[in-house]
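J.: heads up, no residue letters with this:
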């Protein structure tokens, strides 16, 4: 099955976004499934929390494929996991192939506009163009780019306040 929010590994296996996030989240420090659920809940302000029935089978598959490893089993069978070198290799590959993912997101964007209307299409397109430009910024200019985005954000907030004042 092909999905808009899925990623293809160097070996052609398609993985969902949650599997990719798990590889990302476990690359730096050991975490349990519960830790991952709490982390996702925090990062999405509670808007998305995968069910245990979704997360734990993915963890099992990733472990069986050697992409993560259980480094410790604690009380109540709590397993602490981390990403293996093989898992990091897949993460690097997917990041290097991000232009393919961008093309999928553009399809998703088109569907979104079709469903929710196109009254702000030009704003959405401008944001996508900004995102594309950000993807091509050299690492040594990141700080300057962040300043520019922060300034732009502040100007947009002023516009929003002006709009709310005029009503």
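T.: That came through fine. Keep in mind that this is a model prediction, so the values were computed, not measured.
J.: Am I right that residue 16 is in contact with residue 6?
T.: Yes: contact criterion CB atoms under 8 Å: residue 16 and residue 6 qualify, at 5.3 Å. Bear in mind the C-beta positions are built from the backbone N, C-alpha and C, glycine included.
J.: in the helix or strand hosting residue 100, what counts as buried?
T.: Element membership of residue 100, judged by DSSP states H and E, is helix 98-116. Neighbour-count burial for helix 98-116 flags 101, 109 (criterion: 16 or more other CB atoms under 10 Å).
J.: Stretch 9-20 now?
T.: 9, 15, 18, 19, 20.
J.: Greatest separation within those residues: which pair is it?
T.: 9 and 18 (14.6 Å; CB to CB).
J.: So which residues of the protein form helices?
T.: 17-25, 33-43, 52-64, 85-96, 98-116, 121-135, 142-166 (DSSP state H).
J.: now, of those, which is deepest in the fold?
T.: helix 17-25 (a mean of 19; mean count of other CB atoms under 10 Å).
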